[in-house]
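Chemist: Mind folding the following:
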Amino acid sequence: MITGIAHVTVYVLNQDEALDFYQNKMGFEVGMDVTVEGGFRWLTVRVPSAPALELVLAEPKEGPMFSKDAAEKIRGLIEDGAFGVGVFETQDCQKTYDELVAKGVEFMQPPTEQFYGIEAMGTDNSGNWFSLTQQTS
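Modeler: Numbers count the residues shown, from 1 in each chain. As a prediction, this is how the structure comes out:
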């Protein structure tokens, strides 16, 4: 029986740049950062107050998981902004939005009232979109 979700993969264009973004702009902490034989890097970040769920910052490269063609296609989709990271929760969407904008995080939608709460839509440094949401119901 499945009892939870521990990791969610976020495909990024460059792991070092993604780590800098998630750690220094978004306030995440490193979960694991290990490079194994063959050069595969297992890099995870997590929200300090919710360490049970980690984002795997994965750079698509030719290797055991992807053919060269598949890795190139995934990189193209990342560049096109085709992937979403998910929903990041906050107690105060406007305040968090202002803090993130001051750190250089780009948003395509400022905090806006929705039927489920207040939501801003942003992108990480690879172009993956995310929702910053304050639940109000």
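Chemist: Can you mark which positions in the helix ranked longest in the chain are buried?
Modeler: What stands out as the longest helix in the chain, according to DSSP state H, is helix 68-79. Going by neighbour count (16 or more other Cβ atoms under 10 Å), the buried part of helix 68-79 is 71, 74-75, 78. C-beta here means a position set from N, CA and C on the backbone, and glycine is covered the same way.
Chemist: what about the most centrally placed residue in the chain, distance to Asp69?
Modeler: For the chain, the residue nearest the mean C-alpha position is Val85 (4.7 Å; Cα atoms, centre = their mean). Distance, Val85 to Asp69, using Cβ to Cβ, to the nearest Å: 25 Å.
Chemist: now swap in Phe115 and tell me
Modeler: In this view, Phe115 and Asp69 are 42 Å apart by Cβ to Cβ.
Chemist: swap in Thr112?
Modeler: Relative to Asp69, and taking Cβ to Cβ, Thr112 is found at 39 Å.
Chemist: again, but for Ala82
Modeler: For Ala82, the distance to Asp69 (Cβ to Cβ) stands at 17 Å.
Chemist: Please enumerate the strands of the chain.
Modeler: All strands of the chain, identified by DSSP state E, fall at 7-11, 29-35, 41-47, 50-58, 84-89, 106-114, 117-123, 129-135.
Chemist: Switch the ones you listed over to a markdown table; also include distance to Phe21 and mean pLDDT.
Modeler: A markdown table is the format used below for the strands of the chain (distance: least, Cβ to Cβ, whole Å; pLDDT from 0 to 100):
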| stretch | distance to Phe21 | mean pLDDT |
| --- | --- | --- |
| strand 7-11 | 11 | 97 |
| strand 29-35 | 13 | 97 |
| strand 41-47 | 9 | 97 |
| strand 50-58 | 9 | 96 |
| strand 84-89 | 11 | 96 |
| strand 106-114 | 11 | 97 |
| strand 117-123 | 10 | 98 |
| strand 129-135 | 11 | 97 |
